[in-house]
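A.B. asks: no sequence for this one, just the structure:
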């Protein structure tokens, strides 16, 4: 059975005054139907650029993208229009992503109007159905975005993404701008929709507590590259890459006393413009040696668990020695 989405060696570079910025560099992954792939990392690591490049909101510099087994790396305008029905996005900021001049019903109806093929009555009925699906009261259909709170605005964004009944949705930090209580409501809504409609998500976030809850598999990105890739439970129970360990140590623990050891990263961040070969995390890694200056590739250290670190075995042995001491 072929995966719904397959990405091979994807690259997205931007030309700058100082050289080429490697925003996404040689990223590969697969996503099965009805599953969620979490993409995590610091701000600027390339996770949002990855999602937008997969959707062709940004055109790839190199690599291949397959959707339902078909190569969609360089689609024609007609093919791209068809892809838009199956591949959608939920943006991070629910206010700036909505047209302030359109009411709730007009915003949700817009994708249906652009696609065409439906009568006005059918589009209105579909819009009301979508509002009900995402939990928007019918009385809000003539409201404008500025009259609503962040949670309701994000529900509009979800309804817009669902309008054309896609199979795959990129969720670009969809709850980061919301209050914690509203975050839980929106995430539970997305999980319900996934179960009901068989949706596949790429869930981009910097919130590791959220990504553990919603994801089947997780990619950890650092300066445009994947440094670790594993099933969600495996990543949290057996974290291997030093960068992943530092990320996980930063998760707030609501318990007193909190004896968790926080890993503080030191050193200069490597420039993503014309980066040298080798591990881009080496300048901040306490385990780095001369071997880290050589190109690092993802290797499978256990079934489904991949890591781009030439020293992970030594690091793991060192950790076990300390635990047994």
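C.D. replies: Thanks, I have the structure now. Note that the coordinates shown come from a computational prediction; the quantities given were computed from them, not determined experimentally. Residues are numbered from 1 along each chain as shown.
A.B. asks: contacts, neighbours, all on C-alpha from now
C.D. replies: Fine.
A.B. asks: just the strands in the stretch 1-150 of the chain please.
C.D. replies: For the stretch 1-150 of the chain, the strands defined by DSSP state E, counting those that start in this stretch cover 5-16, 19-31, 36-40, 62-67, 70-71, 87-90.
A.B. asks: same question for the stretch 201-325 of the chain.
C.D. replies: With DSSP E, counting those that start in this stretch as the criterion, the stretch 201-325 of the chain has strands spanning 217-222, 225-231, 299-302, 305-307.
A.B. asks: rank these by mean pLDDT and give me the bottom one.
C.D. replies: Mean pLDDT values for those show the minimum at strand 299-302, a mean of 90.
A.B. asks: show me what it packs onto, helices and strands only.
C.D. replies: strand 305-307 (3 or more CA pairs under 8 Å, 6 or more residues apart in numbering; DSSP states H and E).
A.B. asks: neighbouring contacts of the strand it packs on?
C.D. replies: 227-231, 234-235, 240-241, 297-301 (CA atoms under 8 Å, 6 or more residues apart in numbering).
A.B. asks: mind redoing it with 10 Å?
C.D. replies: Contacting residues not belonging to strand 305-307 are listed as 217-220, 226-232, 234-235, 238-241, 296-301 [CA atoms under 10 Å, 6 or more residues apart in numbering].
A.B. asks: what about residue 165, distance to residue 281?
C.D. replies: From residue 165 over to residue 281 the distance is 40 Å, taken as CA to CA, to the nearest Å.
A.B. asks: out of the two, which sits in the more crowded spot?
C.D. replies: Comparing residue 165 with residue 281 by other CA atoms under 10 Å, the one with more neighbours is residue 281, at 20 against 15.
A.B. asks: quick one: pLDDT of the more buried one?
C.D. replies: 93.
A.B. asks: that one reaches residue 272, doesn't it?
C.D. replies: No. Residue 281 is beyond contact range of residue 272, at 11.2 Å (criterion: CA atoms under 10 Å).
A.B. asks: anything in contact with each of the two?
C.D. replies: With CA under 10 Å, 6+ apart, residue 281 and residue 272 have common neighbours 222, 223.
A.B. asks: now do the helices in the stretch 1-150 of the chain.
C.D. replies: For the stretch 1-150 of the chain, the helices defined by DSSP state H, counting those that start in this stretch cover 47-54, 77-86, 104-115, 120-133, 150-162.
A.B. asks: same for the first one, what does it pack against?
C.D. replies: Contact partners of helix 47-54 among helices and strands, from 3 or more CA pairs under 10 Å, 6 or more residues apart in numbering; DSSP states H and E: strand 5-16, strand 19-31, strand 36-40, strand 62-67, strand 87-90, strand 168-172, strand 200-204, strand 217-222.
A.B. asks: list the buried residues for the fifth one?
C.D. replies: The neighbour-count criterion (16 or more other CA atoms under 10 Å) identifies 87, 88, 89, 90 as the buried residues of strand 87-90.
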